[in-house]
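Visitor: Give me a model of this one.
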Amino acid sequence: MASARTKARTHAFQILFEADHREVDPLAVLADWVARGREAKPGDGVPQVAEYTMELVEGYTRHARRIDELISTYAVGWTLDRMPLVDRNVLRLGAYELIWEDGVPDAVVLDESVEIAKDFSTDDSPGFVNGLLARFQENKAAIRR
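Guide: Sure, this is the predicted structure:
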């Protein structure tokens, strides 16, 4: 069974993915998810939005421009537009959490991001996600400056 943090990360990824797919602000999608969660009755299958999900989506949104610049810079041979939608949003979430969330060990961020890529993307995606996030980890101090 997945931990509460794992579920929160997965929901944050799904919100970023939905926002990207629909070309809308992630905060609008987050607000929709929160509203649906409040209106849902137990057993409806509608996920409740955890506090950590909100922190991740809001944090990504604050740093979105910088995160996309980093992904574009470090993803040799890939532009954001060419990158699969799932991979792009796993990387966005992982980059935010890795660089700006100090309370989470880097290894956990990498492992969880790889697991999301395994669950939602292609067979090649986990290696791609792991490699790119590892490069962010190596350069974390310089990136944060």
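Visitor: For R62, give its distance to R144.
Guide: With distances defined as C-beta to C-beta, to the nearest Å, the gap from R62 to R144 amounts to 14 Å. In this view, the C-beta of every residue, glycine as well, is placed from N, C-alpha and C.
Visitor: Over to R22?
Guide: If you measure R22 against R144 using C-beta to C-beta, the figure is 31 Å.
Visitor: again with L16
Guide: According to C-beta to C-beta, L16 and R144 sit 21 Å apart.
Visitor: Those two: which has the busier surroundings?
Guide: Applying other C-beta atoms under 10 Å to L16 and R144 shows that L16 carries more neighbours, namely 25 against 8.
Visitor: Can you point out the buried residues in the helix or strand harbouring S113?
Guide: S113 belongs to helix 106-120 when elements are defined using DSSP states H and E. By neighbour count with 16 or more other C-beta atoms under 10 Å, helix 106-120 contains the buried residues D106, V109, L110, E112, S113, V114, E115, I116, A117, F120.
Visitor: quick one: which of those residues is nearest to V46?
Guide: Each of these was scored against V46 by C-beta to C-beta, and F120 proved nearest at 19.4 Å.
Visitor: So for the residue nearest to the spatial centre of the chain, what's the nearest residue that isn't a sequence neighbour?
Guide: Geometric centre of the chain, nearest residue: L93, 2.2 Å, by C-alpha atoms, centre = their mean. Of all residues beyond its chain neighbours, the one nearest L93 is F13 (5.2 Å), with distances taken as C-beta to C-beta, 6 or more residues apart in numbering.
Visitor: residue contacts, the one you found?
Guide: When contacts are counted by C-beta atoms under 8 Å, 6 or more residues apart in numbering, F13 touches N89, V90, L93, I116, F120.
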